[in-house]
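K.L.:
I would like to see how this sequence folds:
(2 chains)
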Amino acid sequence: DTEVTQTPKHLVMGMTNKKSLKCEQHMGHRAMYWYKQKAKKPPELMFVYSYEKLSINESVPSRFSPECPNSSLLNLHLHALQPEDSALYLCASSQDATDTQYFGPGTRLTVL
Amino acid sequence: GEDVEQSLFLSVREGDSSVINCTYTDSSSTYLYWYKQEPGAGLQLLTYIFSNMDMKQDQRLTVLLNKKDKHLSLRIADTQTGDSAIYFCAESRGGLTGGGNKLTFGTGTQLKVEL
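P.N.:
Purely as a prediction, here's the structure:
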């Protein structure tokens, strides 16, 4: 089983809203990732968690706040977003530091 | 440099072979990957090759790696309409100090399969 699940599938929010994206994997992977993808572009890395600790923050604005409550779950809390933050947000996981990354189906976010 | 380049578009007829190319610049890459993305979907891992290999075959997919020229290709035999998608190559340069690994993605190639 190489499944990564993400909820919700679609999300529309206003600039003053607070919302969260959720990602889950039950493969026993110890590294989890958040990516942002604009249309027709490659994914851009946002955050990396390894063994439930934040290991990489690619200079992401503080209106995006990641959280890893346990080894199977990864959240992305959103607050005061801008319309340019509208994108597909992808979660991925890998067994460990050098292993293959498996992606979820993504959350399509629209900020009005 | 960190650029990974792909041609933007490829159009083939159903039943023909497709060849998608990728060039990268970092010779320290450890693994190279091919991902497929259909409209509105996430990235599906197709195949990968370790940097000390020069070829890998997996059913209709053949990956060729030329380390000297830093060139990677994906050949899809007997291309079907269901193969229409964007294909991304990606390179991994090994583990990050704090854990996890960083992929550098190519620009993506839109494959269109015509009847």
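K.L.:
now do the lengthiest strand in chain B, average pLDDT.
P.N.:
The single longest strand within chain B, with elements called by DSSP state E, is strand B:85-95. Throughout strand B:85-95, pLDDT has a mean value of 87.
K.L.:
ok now it, how far from the chain's centre?
P.N.:
Chain-centre distance of strand B:85-95: 7 Å, with CA atoms, centre = their mean, to the nearest Å.
K.L.:
cool, stretch B:45-57 as well?
P.N.:
Centroid displacement of stretch B:45-57 relative to its chain, using CA atoms, centre = their mean, is 10 Å.
K.L.:
please name the nearest non-neighbouring residue to B:K67.
P.N.:
Spatial nearest neighbour of B:K67, excluding adjacent residues (CB to CB, 6 or more residues apart in numbering or on different chains): B:S51 at 6.6 Å. Heads up, the C-betas are built off the backbone N, CA and C, glycines and all.
K.L.:
tell me the strands beside the longest strand of chain B, with direction?
P.N.:
strand B:31-37 (antiparallel), strand B:101-105 (antiparallel), strand B:109-114 (antiparallel) (DSSP bridges).
K.L.:
following the first one, which helix or strand comes up?
P.N.:
Taking DSSP states H and E as the definition, the helix or strand that follows strand B:31-37 towards the C-terminus is strand B:43-50.
K.L.:
what's the average pLDDT for that next one?
P.N.:
Across strand B:43-50, pLDDT averages out at 94.
K.L.:
name every strand pairing with it and say which way it goes.
P.N.:
Counting by DSSP bridges, the strands paired with strand B:43-50 are strand B:31-37 (antiparallel).
K.L.:
now what about the partner strand, what contacts it?
P.N.:
Contact with strand B:31-37 is made by A:98, A:100, A:103, B:20, B:22, B:24, B:43-51, B:61, B:63, B:65, B:72, B:74, B:85-92, B:103, B:108, as judged by CB atoms under 8 Å, 6 or more residues apart in numbering or on different chains.
K.L.:
around chain B, pick out the residues from chain A.
P.N.:
Taking CB under 8 Å from any CB of the partner chain, the part of chain A that reaches chain B is made up of A:2, A:4, A:6, A:30-33, A:40-43, A:45, A:48-51, A:53, A:55-56, A:90, A:92, A:94, A:96-106, A:108.
K.L.:
among those residues, which ones are buried?
P.N.:
A:4, A:6, A:30-33, A:42-43, A:45, A:48-50, A:55-56, A:90, A:92, A:94, A:97-106, A:108 (16 or more other CB atoms under 10 Å in any protein chain shown).
K.L.:
residue ranges with poor pLDDT in chain A?
P.N.:
Within chain A, the segments meeting pLDDT under 70 span A:1-2, A:97-98.
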